[in-house]
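[1] sequence plus the predicted model coming up.
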Amino acid sequence: MADKELIGKQPKRDSAITDADVDALYRHPASLSDWLPWVDYDESSETFTLEDGFSAAAMFEITGVSTEARSSKFLQEVQANIQTCINHTIPAHDNPFVLQCFVSDEDSLSALSRSLNTYTESHCRQTPEHRLLASNFVARMQRHFKRMTQSAGLFEDNTVTGGSWRGKVRRVRVFLYRRRELNDNEHIDPVTEINQVAERFVTQMAATGIGIRRCDDHDLYAWLLRWFNPKAEVTEGDLDRLTELMSLPEKQERAFSHDLSDLLFLSQPSSDGGHGVWYFDDFPHRAITVDALRRKPLPGHFTGERQVGDNLYALFDKLPEGSILSLCVTLQPQDLVENHVVQVLNSAKGETAEAMAAEQDAKEALKWMSHGDYLLPTVITLFTRGDSLADLQKRTNEVNALLLANGLHPIREKDELLPLDTYIRQLPMNYEPKREKVNKKSRLVFSSDLAKLLPFYGRSRGTGHPGLVFFNRGGEPLTFDPLNKQDRAKNAFGLVLGPPGSGKSALMVYILLQVAAIYGARIYIIEKGGSFKLLGDYCRYFGLSVNQVTLHPKEDVSLPPFADAYEMLKRERAQQASFGEELSANQEPSAYEEASLDASDNSDDDEERDLLGEMELKARIMITGGDSKEEAVMTRADRLTIRRAIILAAEEKQAAGSREIVLTEDVVNALNKLAVEESSTPKRQERARDMADAMALYCSGTAGHFFNRVGKAWPEADVTIMEMGLLANEGYEDQLALGFMGLMNQINGVVEREQYDHRPTFVLGDEAHLITTNPLLAIFLVKIVKMWRKLGAWLWLATQNLEDFPDAAKKLLSMFEWWIAMVCPKEEIEQISRFKDLTEEQKGMLRAARKEPGNYTEGVVLSDKLQCLFRNVPPPLALALAMTEKHEKQQRAEIMKSQHCSELEAVFTVADGLGSTK
């Protein structure tokens, strides 16, 4: 009853409270988000709407031009192109366009992790064992990426940068906008205008070699969420988890009152006017403004790699963690700027030193402006943060010292009049040129200097396809994929060159691991010394079939050179018929025989496989024993005799009804028959007999074991590893070449049969300098490899040096689109020039590659679409699988003994140890 009596009655108060006091309770406190300019994003036009509801802005992400090991001439050309873009791409208005560039390091490789996972899912072979291998590989790579991004870095790079090397992605974001008035009476609406200018800007940037991508509200939100919530409690400071947990809702899921700015702050920002800082998650943030240029900048001043003392690094590399650089350029009409300079000139009268200097500067400015070097109002700001005020002051001092040392004069924090306002006004899309009369932050900078300062220089990041994952010197991912059609112009054939100690073996194990995991490729390896045995064991561990073969007399291995003779005979008969002739052993060569020989010597990439030509080359190796002097006296008539003998051997064996393949002894018998032909001259008979005697050496003993037996068919396998064994020794070069040819024939049979499936075939010839010493092998490989492009089979040769490669290998190597050279000495660069035309830029890049044992090796990739310097920092597993030195074997043996485990399990233990020490 008492409650009912209170209804409608005013409670008694001890003190009077006014309506104004109550209104104050409902007032929305001032927030930093209220000052942010963007309110919405339009997907159809790809533009942001600013706070006036009328003006529009566009956002881009830039990938700078690679500056590693680049000449000053190259950088000057890039600078000139950037200056042209600034001067002529964006129109000048009284109400001008603004170009804002922001540089920040994202200390995370989560984007690479997602990209690798997606890429593997889309290419992985869909069998249980391949999926298991792929998932394990991706998981190991992701753990590797996590280790790389730890705050202390993965290692200290004492050789090149002189600092901590840490995995990250350097992001360069560009904003282009113009604030318009509703009643400005311009004939074009803001959205159409900004898109027209943006299109020209993108075209010009791409023409300069700068990568550029149009961004949307998800890109802006993800970036600023990390900026304004550096230590979010909800994820305990894990910014990767934060962007996943607090991802921007899709358009259809957004609330009616959706405001992008309001979503960015998970905790209320606060300010400290006394210290001139903003607090985000209790971390103090400060803006440092550059007051003037003390000297002319260098090309790529902030983000380009350049020599500083004994080290190579970019200025931005040395800034404190969490720093963000902003360059804000106002594209003001030059007549207005010129009027301003003239006013300075007219007022600079007097005999004082200051007046005379001002007059001289004004005259100089007018001179350069008349030559097309525009003067543009520019504000350079550096945002930095600290764990505390003391830490922020320490970092501020570091920034100021670094800027001064690089010709930039910062405003000291105690001299900054409006520090809080400066921070807000230099945020993305928030700068307003019309208010410059109040703030007076901008300084006139020549466009030639701006072209050096803008963060459009960087380090190479490859093509973005993570088929092969490497890094650059800044710790950014550098990825490319020879097996991806988009990354190659012609083919995926490759040569890997690396002298001893350059990390070539570890690189090849790493490449094969990625090819097996991502593509489930059919892999063939020809090697010496068991370098890839552990890789074979690893593949077998996941259920892949592995065939490991050693070329040794005790092993049941047969590589008959004439196994395809019946197929050859079938083709020869068909082609002979087109000439209206029959196959014969007459003394004089027929028109067809002459044409066939000429066709073998001048093969075309698009013709079918030349089986007879391949067999002739094998026979010539047996006849000459690989001796170049013997080969030099081989005549055209001798070659015709060899071809006739091969055809005769196939005809006779087929006529006898034998199901056995044509063996070397059958060709020897055919040569002996040609040696007693009555129609032949004594000289020809003697030559045929000599060739038969030479080939007979391959019909018995070790050579006969390998090349004169039917043997058994090689099993179908996911991975085949052929160890050269005995044939890698000195004196067996001819047999090694024949063995390599035999395996190529085995592979060719498989890829021809499987040419309609999606599975690629990857063939590695390791220690290729041992194999390719015979010029005839290079000719053979040209014949067989030219067809593989159509069959999805790719040959890669790895070698310590090119010195042993004969000049005849030039045609073969010219077919290889991909060249990877690891830490090459000067003499090896000259050897590369024997087979590949190198520009001075490419030679400089090759000379620049370095290594730091235990941490990384560098190399250069040269292809039709990609030329860059990369750093190989493979995951611990790849390193452990490549460990074949004696002390490394001893380490595994001790682990096997102490833990009672297999050698592969010992490899896993070693890999875990490597991961924990990094």
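    Perfect, thanks for sending it.
[2] mean confidence for stretch 101-109?
    What stretch 101-109 shows for mean pLDDT is 97.
[3] and that stretch, C-alpha only, in CSV?
    Only the C-alpha atoms of stretch 101-109 are listed here, as CSV (Å, rounded to 0.1, in the frame of the first residue of the first chain):
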residue,chain,number,x,y,z
CYS,A,101,51.1,7.4,-47.3
PHE,A,102,51.4,5.3,-44.1
VAL,A,103,54.2,2.8,-43.5
SER,A,104,54.0,0.3,-40.6
ASP,A,105,55.4,-3.1,-39.8
GLU,A,106,52.9,-5.9,-39.1
ASP,A,107,54.9,-8.2,-36.8
SER,A,108,52.9,-11.2,-37.8
LEU,A,109,53.0,-13.8,-40.6
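[4] what separates it from the chain centre, distance-wise?
    Its chain's C-alpha centre and that of stretch 101-109 lie 18 Å apart, by CA atoms, centre = their mean, to the nearest Å.
[5] with stretch 720-732 instead?
    Per CA atoms, centre = their mean, the centroid offset for stretch 720-732 relative to its chain is 34 Å.
[6] okay, domains of this structure per the record?
    Listed by automatic domain parsing, the domain ranges of the chain are 32-108+149-457, 560-711.
[7] now do the same end-to-end measure for the shortest one.
    Same thing as domain 560-711. Using CA to CA, to the nearest Å, the span of domain 560-711 from its first residue to its last is 8 Å.
[8] over to stretch 814-832?
    11 Å.
[9] buried set for that stretch?
    Of all the residues in stretch 814-832, those buried under the rule 16 or more other CB atoms under 10 Å are 815-824, 828-829, 831-832. No exception for glycine: its C-beta is placed from N, CA and C like everyone else's.
[10] rebuild these as JSON lines, extending it with pLDDT and distance to G467.
    Shown next, in JSON lines, are these (pLDDT from 0 to 100; distance: CB to CB, whole Å):
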{"residue": "M815", "pLDDT": "92", "distance to G467": "21"}
{"residue": "F816", "pLDDT": "95", "distance to G467": "17"}
{"residue": "E817", "pLDDT": "96", "distance to G467": "14"}
{"residue": "W818", "pLDDT": "98", "distance to G467": "12"}
{"residue": "W819", "pLDDT": "97", "distance to G467": "17"}
{"residue": "I820", "pLDDT": "97", "distance to G467": "14"}
{"residue": "A821", "pLDDT": "96", "distance to G467": "19"}
{"residue": "M822", "pLDDT": "95", "distance to G467": "19"}
{"residue": "V823", "pLDDT": "93", "distance to G467": "23"}
{"residue": "C824", "pLDDT": "89", "distance to G467": "24"}
{"residue": "E828", "pLDDT": "91", "distance to G467": "27"}
{"residue": "I829", "pLDDT": "93", "distance to G467": "27"}
{"residue": "Q831", "pLDDT": "92", "distance to G467": "28"}
{"residue": "I832", "pLDDT": "93", "distance to G467": "24"}
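[11] among those residues, which lie within helices?
    In helices, judged by DSSP state H, the following of the buried residues of stretch 814-832 are found: 828-829, 831-832.
[12] in strands, which of the buried residues of stretch 814-832 appear?
    818-822 (DSSP state E).
[13] name the element the nearest residue to S833 once chain neighbours are set aside belongs to?
    What sits nearest to S833 in space, not counting adjacent residues and going by CB to CB, 6 or more residues apart in numbering, is K843, at 8.0 Å. Per DSSP states H and E: K843 is located in helix 840-848.
[14] which elements pack onto that helix?
    The helices and strands touching helix 840-848, judged by 3 or more CB pairs under 8 Å, 6 or more residues apart in numbering; DSSP states H and E, are helix 826-835, strand 856-862, strand 867-872.
[15] tell me, how many residues neighbour E61?
    Each residue near E61 was counted by other CB atoms under 10 Å, and the total is 15.
[16] that one - that's part of a strand, no?
    Yes - assessed with DSSP: H, G, I helix; E, B strand; the rest coil, E61 lies in a strand.
[17] I figured it hits I212, correct?
    Yes - shown here, E61 and I212 form a contact pair, counting by CB atoms under 8 Å, at 7.3 Å.
[18] who touches both of these two?
    The contact sets of E61 and I212 overlap at V174 (CB atoms under 8 Å, 6 or more residues apart in numbering).
[19] number of residues surrounding Q126?
    By the measure other CB under 10 Å, the count of residues near Q126 is 9.
[20] and the pLDDT at it?
    Looking at Q126, its pLDDT is 92.
[21] quick check: the gap between it and D757.
    12 Å (CB to CB, to the nearest Å).
[22] do I820 as well
    28 Å.
[23] and if you look at P91?
    Using CB to CB, we find P91 at a distance of 55 Å from D757.
[24] for E660, same thing?
    Relative to D757, and taking CB to CB, E660 is found at 30 Å.
[25] so how far is G322 from D391?
    Distance of D391 to G322, given as CB to CB: 11 Å.
[26] just V342 next, same as before
    Distance of V342 to G322, computed by CB to CB: 43 Å.
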